[in-house]
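Enquirer: when you get a sec, could you give me coordinates for this:
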Amino acid sequence: MSESLQDYLKTEQHRINMYMIGLLEKDKMLPAALSESVLYSMRAGGKRLRPILMQAAFESFGGQGDKVLPAAAALEMVHTYSLIHDDLPAMDDDDYRRGQLTNHKKFGEATAILAGDALLTRSFSIIGQADELRPEEKVFLMSYLSEAAGATGMIAGQALDMEAEGKESLLHELEQIHILKTGKLLTYAIVAGAFLAGAKQETLELMKQFGMYIGLIFQIQDDILDVTGDESVIGKPVGSDEANKKSTYPKLLGLEGAKEQMEKYVDLAHQCLEQAIIKSSRLHELTVYLSRRTS
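Expert: You can find the predicted model right below:
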């Protein structure tokens with residue numbers, strides 16, 4: 001990773017964290033235990049890749065300033081809600097997330113469920129109350145977010161992922177799971193950023209294609225790290241996919257086959273960006289980074 005990209009990631013992580021945590025700390029959540037639970041998961045950090053991708057897409061089409069911050073914060077809250085619920089005993093039953101106890105291990109299952117619910121619902125009000133956004137932009141962003149996160153997007157992917165446990169999925173079935181489960185929110189980040197910068201409809205369609213490939217790249221690398229990663233670096237136990245009998249790319253294609261498949265998606269992602277004629281190389285850099293990340 002270049003020093004320039006490393007600095008960019010750190011700067012954007014700090015910016016979104018300050019904005020997002022600031023909003024939540026001002027909220028008068030009741031009871032106090034709920035507020036503590038919500039802030040526990042949001043302060044745990046994370047790469048903030050979705051907000052960063054949104055900002056990078058915004059800049060790639062000539063956008064300037066902080067206009068993306070409300071939608072970026074909303075998206076990261078939806079993502080964090082999904083992680084809190086994913087970790088529950090009824091789902092993946094994980095004990096650690098981002099190097100610390102999962103929310104339900106710290107606060108109990110009931111409070112963890114409500115913390116996730118609080119983040120999901122708060123996300124839409126952040127967009128709705130944003131002074132930076134025009135009414136038609138708010139409608140687009142909220143409508144698209146509900147679609148990307150809901151039963152035609154992330155939740156559908158999670159349901160298919162559970163149904164595939166203990167079974168041998170075909171490649172197209174695995175792609176469908178991850179285009180929905182992982183790709184839809186990543187695609188939202190990219191399309192929302194381009195949209196807020198004024199990109200045309202045909203360009204937004206290219207960005208949807210790009211987002212789909214980014215989701216697949218992200219998921220394959222996740223699957224690879226679950227086999228080869230360092231638990232102290234990735235912040236959660238390795239081997240959990242195998243323990244939960246998940247369908248994964250290394251399981252289906254072998255480790256080398258999974259890496260080869262990911263490189264195909266990387267090439268296709270770059271092609272989408274070239275067709276879109278973007279004004280910055282940042283999305284190209286992030287595509288490579290996502291395929292090589294170690295956490």
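Enquirer: what comes up buried for stretch 118-129?
Expert: Neighbour-count burial for stretch 118-129 flags 118-120, 122-124, 126-127 (criterion: 16 or more other Cβ atoms under 10 Å). C-beta: built from backbone N, CA, C; applies to glycine.
Enquirer: ok, residue 58 - contacts?
Expert: For residue 58, the contact set (Cβ atoms under 8 Å, 6 or more residues apart in numbering) comprises 67-68, 193-194, 196-197.
Enquirer: what's the most distant pair in the residues you listed?
Expert: Distance extremes for these: the farthest pair is 67 and 194 at 12.3 Å, using Cβ to Cβ.
Enquirer: which stretches in the stretch 51-200 of the chain count as helices?
Expert: Secondary structure of the stretch 51-200 of the chain, counting by DSSP state H, counting those that start in this stretch: helices at 69-86, 103-107, 109-128, 135-149, 154-163, 171-178, 184-196.
Enquirer: how far off helix 69-86 does the third one point, in degrees?
Expert: What it means is helix 109-128. Helix 109-128 and helix 69-86 are oriented at 160 degrees to each other (axes from the mean of the first three to the mean of the last three Cα atoms, to 10 degrees).
Enquirer: which residues touch helix 109-128?
Expert: Contacts of helix 109-128 (Cβ under 8 Å, 6+ apart): 23-24, 27, 29, 33-34, 37-38, 40-42, 70-71, 73-75, 77-78, 80-82, 84-85, 87-89, 102-104, 107, 133, 138, 141-142, 145-146, 149.
Enquirer: circling back: of all the buried residues of stretch 118-129, which two lie farthest apart?
Expert: Checking those with Cβ to Cβ, the most distant pair is 118 and 127, at 15.9 Å.
Enquirer: when residue 67 and residue 194 are compared, which one has more neighbours?
Expert: Neighbour tally, residue 67 and residue 194, criterion other Cβ atoms under 10 Å: the higher count belongs to residue 194, 27 against 18.
Enquirer: contacting residues for that one?
Expert: 57-58, 60-61, 203-204, 207.
Enquirer: what's the distance between residue 29 and residue 38?
Expert: Using Cβ to Cβ, to the nearest Å, residue 29 is found at 6 Å from residue 38.
Enquirer: so if I had to pick from those two, which one is more boxed in?
Expert: Per other Cβ under 10 Å, whichever of residue 29 and residue 38 has more neighbours is residue 38, with 27 against 17.
Enquirer: what sits closest to that one if chain neighbours are left out?
Expert: residue 115 (4.8 Å; Cβ to Cβ, 6 or more residues apart in numbering).
Enquirer: and the one you found, how many neighbours does it have?
Expert: 28.
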